[in-house]
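>>> Need the 3D shape of this:
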Amino acid sequence: MAVCPNCGASSADGAKFCSSCGGPLPAPVQQPVQPVYQQPAPQPAAQPVYQQPVYQPAPQPVIIQPAAQPVQPVYAQPITQPVVKREKKNGLCVAGFVLSLVGLGCLGITCPIGFLLSLIGLIVAIAKKQKGKGLAIAGLIISAIIMLSLTAFFLSPDWDDFTSEFEDLNVYSTIDDDDDDDNAIDYVKMIEKNNWITTGDNSYMVFDKKTKSFTYYQSYLDTSDNYYTGKYQIYAGEDAFEYITEDIDELGVEKSEIRSMISMNEEYEMENLLCICLDYEELIVDGEKQDRDPWTIHYYGFYLTPEEDGETYNVLDVCNMEAASYVTFVLEEDFKKYYGSSTDPVTATTVSTTDVVEPTFDSDTEVMGNSITGYVYLTQGTWDYWTEADGMGDYYLAREQRINRDTSTIINLTVFPEEFNKGNGIDLDTLVNSSVESLRSQGMEDAYAQQTSLGGFDAYEITAQYQDGMYFSVFYFYDNDSRMHYISVEYFESDIASYEMVKNTYSM
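Okay, here's the model as predicted:
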């Protein structure tokens, strides 16, 4: 109740004027100091009215708050995802390890792939800090061991023994009845698994497949003495083509030349093209090793299988690339059939031995030739019988050949058949000019012809030089019986004495 200060009358709370005298009441000024209204004032400070959402979230009427609810899914997911990725193994590491193990049971076929995948997986795992590095390292080690072991085995003689168990010992086993099969004959195996005899001097080539070595005997009738030994490599088909024209291109055989030969002869094909590389290491003469440096001879040509009277023969029709001379090798099993029923191989010739008259010389003089070919007094070095067979042994009227084992000089005395006789339409000038052009087309240097004399006969002399420095000189002339002679000397400058020996001592 409000008390009026003027009249003392009581008025209702909250009245501004006295209900008795109408005077102003002072109550509104004094009310705040009364304890009734002062006590609740400090209570709000003591009660956590505004802190309740922080300390007591459950009783709050607003449970879903826009700012609080999305926080949990946003921060929870990124925390767990990276942990899962770090625990995962690299797939390439696992695959490489598995393929390396599989290689143990399949002769290492999968090891190269396993090695590659393990290597890539290891690099990726290190970069991304992934698991599986141990598997990758194990895969690398396993695959490397298997591949190295297999490589060593394949290169060892044991591999040849292993594969030979599956090969037919018959020399014709590699021939397929279907002629259209490009691999009807494995020419390399056919050559190195068999022995070969030359048609010119019956020299004898024996290959040893296991050691990749050869022995070249002076005669197949005597394999106890007088022979060469060394290592060999044989190439066939496209491999031979590349080796001849790229690896030994310094010998001057062009790709176009080989293609031209193939196109002009139906027996020549790319599949039967050959190149035989012989690295001569030792020369044995009369049971003694000769003191000389190793040297290399390359033969290139074709593997032929001619048929005659129902028989098939195996023939190597090749050229000595260093000496530019032709050699014909015949498979040993075919040789006697190739020459008929003769017990021993013979050099075919149209000249009867009764027609050949041998002169008498001093016992200290070594003489080459006969009354058909003419004679040369061999006074320089030691000479062996030799052949530069060109597959035309039956064609020449007569032929004699020798090689100097010390200097590699080759002498050839040849007489052409009757159709080349003087007056039978053969123009010697034209023949000589054609020979010069042929030598130039083969890449020989300084090829030219000049008139000279030999053994008292007017002759043409053609001179040229091989790319390896060897000189080539050939004399053409007619003898008193109108027969055409071909006398050639192949020599290095260091043995010019042998050239002069032929020119000075040749006689009929």
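
>>> how much space between Glu419 and Val474?
20 Å (CB to CB, to the nearest Å). The way it works is simple: take the backbone N, C-alpha and C, and place the C-beta from them, glycine included.

>>> neighbour-wise, which of those two wins?
Ranked by neighbour count (other CB atoms under 10 Å), Glu419 and Val474 place Val474 first, with 21 against 9.

>>> Hmm, the more buried one is touching His485, no?
No: with contact defined as CB atoms under 8 Å, Val474 does not reach His485; the gap is 10.2 Å.

>>> Show me how far the longest helix along the chain is from its chain's centre.
Ranked by number of residues, the top helix in the chain under DSSP state H is helix 133-155. Chain-centre distance of helix 133-155: 23 Å, with CA atoms, centre = their mean, to the nearest Å.

>>> Could you give the average pLDDT over that helix?
When pLDDT is averaged along helix 133-155, the result is 81.

>>> So which elements touch that helix?
helix 91-102, helix 111-128 (3 or more CB pairs under 8 Å, 6 or more residues apart in numbering; DSSP states H and E).

>>> who's in contact with it?
For helix 133-155, contacts defined as CB atoms under 8 Å, 6 or more residues apart in numbering pick out 89-90, 92-94, 96-101, 103-104, 107-108, 111-112, 114-115, 117-119, 121-122, 125-126, 159.

>>> which stretches of the stretch 251-400 of the chain form helices?
255-264, 332-338 (DSSP state H, counting those that start in this stretch).

>>> Any idea which of these gets closest to Asp458?
Proximity to Asp458 (CB to CB) singles out helix 255-264 among these, at 34.3 Å.

>>> low pLDDT regions in the stretch 201-350 of the chain?
In the predicted model, the stretch 201-350 of the chain carries pLDDT under 70 at residues 201, 324, 338-350.

>>> ok, back up a step: highest average neighbour count across the helices and strands packed on helix 133-155?
Comparing those by mean neighbour count (mean count of other CB atoms under 10 Å), helix 91-102 ranks first with a mean of 22.

>>> So which other helices or strands are in contact with that helix?
When contacts are defined as 3+ CB pairs under 8 Å, 6+ apart, helix 91-102 sits against helix 111-128, helix 133-155.

>>> for the longest helix of the chain, which positions count as buried?
Of all the residues in helix 133-155, those buried under the rule 16 or more other CB atoms under 10 Å are Lys133, Leu135, Ala136, Ile137, Ala138, Gly139, Leu140, Ile142, Ser143, Ile146, Met147, Leu150.

>>> before we move on, which element is the residue most central in space within the chain in?
The centre of the chain sits closest to Asp239, judged by CA atoms, centre = their mean, with a distance of 8.0 Å. Applying DSSP states H and E as the criterion places Asp239 in helix 238-242.

>>> Now do the buried residues in that helix.
Buried residues in helix 238-242 (16+ other CB under 10 Å): Ala240, Phe241.

>>> which secondary structure elements does that helix contact?
Applying 3+ CB pairs under 8 Å, 6+ apart, we find helix 238-242 packed against strand 273-285.

>>> Using PDB, write out the CA atom coordinates for the helix holding Asp239.
Taking C-alpha atoms only, helix 238-242 is exported to PDB below (Å, rounded to 0.1, in the frame of the first residue of the first chain):
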ATOM      1  CA  GLU A 238      66.800 -63.500 -93.100                       C
ATOM      2  CA  ASP A 239      69.500 -63.900 -90.400                       C
ATOM      3  CA  ALA A 240      72.000 -64.700 -93.200                       C
ATOM      4  CA  PHE A 241      70.800 -61.800 -95.300                       C
ATOM      5  CA  GLU A 242      71.300 -59.300 -92.500                       C
END
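
>>> what does that helix contact?
Residues outside helix 238-242 that contact it (CB under 8 Å, 6+ apart) are Lys255, Ile258, Met270, Leu273, Leu274, Cys275, Tyr300.

>>> Make CSV from those and add distance to Tyr395 and neighbour count to it.
Output for the contacts of helix 238-242, formatted as CSV (distance: CB to CB, whole Å; neighbours: other CB atoms under 10 Å):
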residue, distance to Tyr395, neighbour count
Lys255, 30, 13
Ile258, 24, 19
Met270, 28, 15
Leu273, 24, 23
Leu274, 23, 22
Cys275, 26, 24
Tyr300, 22, 22
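
>>> farthest pair in the residues you listed?
Top of the distance list for the contacts of helix 238-242 (CB to CB): Lys255 and Leu274, 15.9 Å.

>>> Including mean pLDDT and distance to Val315, could the helices and strands packed on helix 133-155 go into a markdown table?
Below are the helices and strands packed on helix 133-155 laid out as a markdown table (pLDDT from 0 to 100; distance: least, CB to CB, whole Å):
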| stretch | mean pLDDT | distance to Val315 |
| --- | --- | --- |
| helix 91-102 | 81 | 48 |
| helix 111-128 | 84 | 41 |
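
>>> which parts of the helix or strand encompassing Tyr499 are buried?
Assessed by DSSP H and E, Tyr499 sits inside helix 496-505. Neighbour-count burial for helix 496-505, counted by 16+ other CB under 10 Å, picks out Ser498, Tyr499, Met501, Val502, Lys503, Thr505.

>>> Same list, those residues, but as JSON lines with distance to Val327 please.
Shown next, in JSON lines, are those (distance: CB to CB, whole Å):
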{"residue": "Ser498", "distance to Val327": "21"}
{"residue": "Tyr499", "distance to Val327": "23"}
{"residue": "Met501", "distance to Val327": "25"}
{"residue": "Val502", "distance to Val327": "22"}
{"residue": "Lys503", "distance to Val327": "26"}
{"residue": "Thr505", "distance to Val327": "27"}
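
>>> Could you dump those residues into a markdown table with pLDDT and distance to Tyr460 added?
Below are the buried residues of helix 496-505 laid out as a markdown table (pLDDT from 0 to 100; distance: CB to CB, whole Å):
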| residue | pLDDT | distance to Tyr460 |
| --- | --- | --- |
| Ser498 | 91 | 21 |
| Tyr499 | 93 | 16 |
| Met501 | 91 | 20 |
| Val502 | 92 | 15 |
| Lys503 | 92 | 14 |
| Thr505 | 91 | 20 |
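
>>> how about Tyr448, secondary structure?
Taken by DSSP: H, G, I helix; E, B strand; the rest coil, the conformation at Tyr448 corresponds to strand.

>>> From Gln442, how far off is it?
To Gln442, Tyr448 is 15 Å away according to CB to CB.

>>> Is it correct that Asn202 is in contact with Tyr220?
Yes: using CB under 8 Å, Asn202 is in contact with Tyr220, at 5.6 Å.

>>> Run through the stretch 351-500 of the chain and note the low-pLDDT ranges.
Residues of the stretch 351-500 of the chain that meet the cut-off, pLDDT under 70, sit at 351-365, 380, 388-394.

>>> could you pull out the strands for it?
Assigned by DSSP state E, counting those that start in this stretch, the strands in the stretch 351-500 of the chain fall at 366-370, 374-378, 383-385, 398-404, 410-415, 445-454, 457-465, 471-478, 484-491.

>>> Counting by contacts, list what the last one packs against.
When you say that, I think you mean strand 484-491. Against strand 484-491 (3+ CB pairs under 8 Å, 6+ apart) you get strand 410-415, strand 471-478, helix 496-505.
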